[in-house]
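Peer 1: How does the following fold in three dimensions:
(one chain, ligands or ions: 1)
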Amino acid sequence: MTNKPKKVDIIFSPYSVAPYKILKDTMKRTKEEIIAELISSGLRGRGGAGFPTGMKWKFAAEQKSSVKYVICNADEGEPGTFKDRKLLVEVPRKVISGMAICAWVTGATEGFIYLRREYKYLVNELQKEIDLFKVHSKEVGLNFNLQIFLGAGAYVCGEETALLESMEGKRGEPRNKPPYPIQDGFLGKPTVVNNVETFASASMVCRIGATEYKKFGTADQRGSKLFSISGDSPKEGVFELELGMSVEAFAAEFGDGDTKAVQVGGVAGFCVPRKDFAKAIIGDGNTTGGSTMIFNSSRSMYKVLHNYLDFYAEESCGQCTPCRIGCQQLLKGIEAVKKGEKPAEYLDQLLKLSESMRLTSKCGLGQSVTNSFSSIVTNFREEMIY
Ligand code: SF4
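Peer 2: Here you go, the predicted structure:
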């Protein structure tokens, strides 16, 4: 645990080497070496689910198929997160290098950057970078055709299988898992789907090596992590930090001196109240999607939760009942308690409902409602009532 958030400068560090040098240097080594390096680095997916990246690539490499895909999930729709946009604007080469290395080690020949519709304004610059990549990939004999796919603007399409459905022209609804995309992904072929930050981090592992990379972070979460910081903070923005800091240290650095709650991991994560700041460690059991919202004492936690539930109710794809009905019921439920139409004890029934949603919803959207719901209702109960 650190007393002060430790700033790291790996992902955004300038590098004045020739374009796609990381890719070219990496391709001088064996594919097995690179996969072993990634596994050793401890890098986990940076989209929130946290699956070990090296293992995902290893499984994809082992699939017997003449057609494989690599997809960069740039459908950044979690409220409060904007780090992937910064990566795509400032270091797209590191992201594309990560994708290309993944394609090389897994044997994929087609790739897509699945770009959030709201980021359409990035298309021209990204395309220029892709064109440059094509020149350099030819030099090293890499057969990897990369293109941009624009999403249609649904939050649930950040879920990898819903993303694949939407790319196939269907409703963006999550699939049953297994099979996983590395077995049966885009158009039924093995597909690696990783987040923007994951690809950028993977190329950094290739550049600095696993030993150096895993010096950062916790035993659970190695390496550095990008945080999108918003809310009541004089230092809003994207910061690369070492995981393992306490929320207390985080609030001291980024809060305004009057922080009463920190939402760790976006709306799908947990809301940590001031009394727990010292014991809550970011990167140690907490979700690490990277969105951290800071609330000071002027904020109504009822309104915060209302906003979250409004968002969930709007974005639920409606495929499964616990999430489709549950999100609406939680929203109506807290409104009814606030208006005095239901007694305060009704909040306990809502907590049970959110727990049922966690256990029975089909995808991460419905499953994670209980994280923010229970942490806010439990810790700020009076604000839900009065
Ligand atoms: S949990 Fe929600 S978003 Fe996920 S499949 Fe069910 S209805 Fe759709």
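Peer 1: going forward, measure contacts between C-alpha atoms and count neighbours the same way
Peer 2: Will do.
Peer 1: Quick check, S230 in contact with E236.
Peer 2: Yes: counting by Cα atoms under 8 Å, S230 touches E236, with 5.0 Å between them.
Peer 1: contacting residues for T259?
Peer 2: T259 sits next to D232, A251, R274, I294, F295, N296, S297 when contact means Cα atoms under 8 Å, 6 or more residues apart in numbering.
Peer 1: buried residues in stretch 33-49?
Peer 2: Along stretch 33-49, these residues count as buried under the neighbour rule (16 or more other Cα atoms under 10 Å): 34-35, 37-48.
Peer 1: Quickly list what the closest residue in space to K120 that isn't next to it in sequence is bridged to.
Peer 2: Leaving aside its sequence neighbours, K120 sits nearest to L150 (Cα to Cα, 6 or more residues apart in numbering; 7.3 Å). Judged by DSSP bridges, the bridge partners of L150 are L115.
Peer 1: What subset of the contacts of T259 is buried?
Peer 2: D232, A251, R274, I294, F295, N296.
Peer 1: For the residues you listed, which two are the farthest from each other?
Peer 2: For the buried ones among the contacts of T259, the farthest-apart pair by Cα to Cα is D232 and R274; their separation is 14.3 Å.
Peer 1: Go ahead and name everything in contact with the helix or strand containing F250.
Peer 2: Assessed by DSSP states H and E, F250 sits inside helix 247-254. With contact meaning Cα under 8 Å, 6+ apart, helix 247-254 is reached by 2-5, 233-236, 257, 259, 262, 272, 277-282, 294.
Peer 1: repeat that with 6 Å
Peer 2: Contact partners of helix 247-254, identified using Cα atoms under 6 Å, 6 or more residues apart in numbering, comprise N3, K4, P5, S233, K235, F277, A278, A280, I281.
Peer 1: And stretch 221-237, by the same measure?
Peer 2: Against stretch 221-237 from outside (Cα under 6 Å, 6+ apart): 42-43, 81-83, 213-214, 216-217, 238-242, 254-256, 290-296.
Peer 1: do the same with stretch 332-341
Peer 2: K342, I385.
Peer 1: With only the CA atoms kept, save that stretch in CSV.
Peer 2: Taking C-alpha atoms only, stretch 332-341 is exported to CSV below (Å, rounded to 0.1, in the frame of the first residue of the first chain):
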residue,chain,number,x,y,z
LYS,A,332,-38.8,3.2,-9.0
GLY,A,333,-38.1,1.8,-5.5
ILE,A,334,-35.7,4.5,-4.4
GLU,A,335,-38.0,7.1,-5.8
ALA,A,336,-40.9,5.6,-3.8
VAL,A,337,-38.9,5.6,-0.5
LYS,A,338,-37.7,9.2,-1.1
LYS,A,339,-41.3,10.3,-1.7
GLY,A,340,-42.5,8.5,1.4
GLU,A,341,-44.7,6.2,-0.6
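Peer 1: Up against the ligand, what does the chain have?
Peer 2: 156, 174, 316-320, 323-324, 361-363, 365-366 (Cα under 6 Å from any ligand atom).
Peer 1: any weak-confidence spans in the stretch 1-150 of the chain?
Peer 2: 1-3, 16 (pLDDT under 70).
Peer 1: same thing but at 90, please
Peer 2: 1-19, 45-51, 77-79 (pLDDT under 90).
Peer 1: so where do the helices sit in it?
Peer 2: 21-26, 31-41, 53-62, 83-90, 92-106, 123-139 (DSSP state H, counting those that start in this stretch).
Peer 1: which parts of the last one are buried?
Peer 2: Spelled out, that is helix 123-139. In helix 123-139, the ones that count as buried by 16+ other Cα under 10 Å are V123, L126, I130, F133, K134, H136, S137.
Peer 1: ok so, going back, which one of the contacts of T259 sits closest to the ligand?
Peer 2: Nearest to the ligand among the contacts of T259: I294, at 26.1 Å, using Cα to the nearest ligand atom.
Peer 1: SS state for the closest one?
Peer 2: strand (DSSP: H, G, I helix; E, B strand; the rest coil).
Peer 1: if I pick S356, what's in contact with it?
Peer 2: Under the criterion of Cα under 6 Å, 6+ apart, S356 has no neighbours.
Peer 1: Please disregard the earlier target; I meant F295.
Peer 2: Shown in contact with F295 (Cα under 6 Å, 6+ apart): D232, T259, K260, A261.
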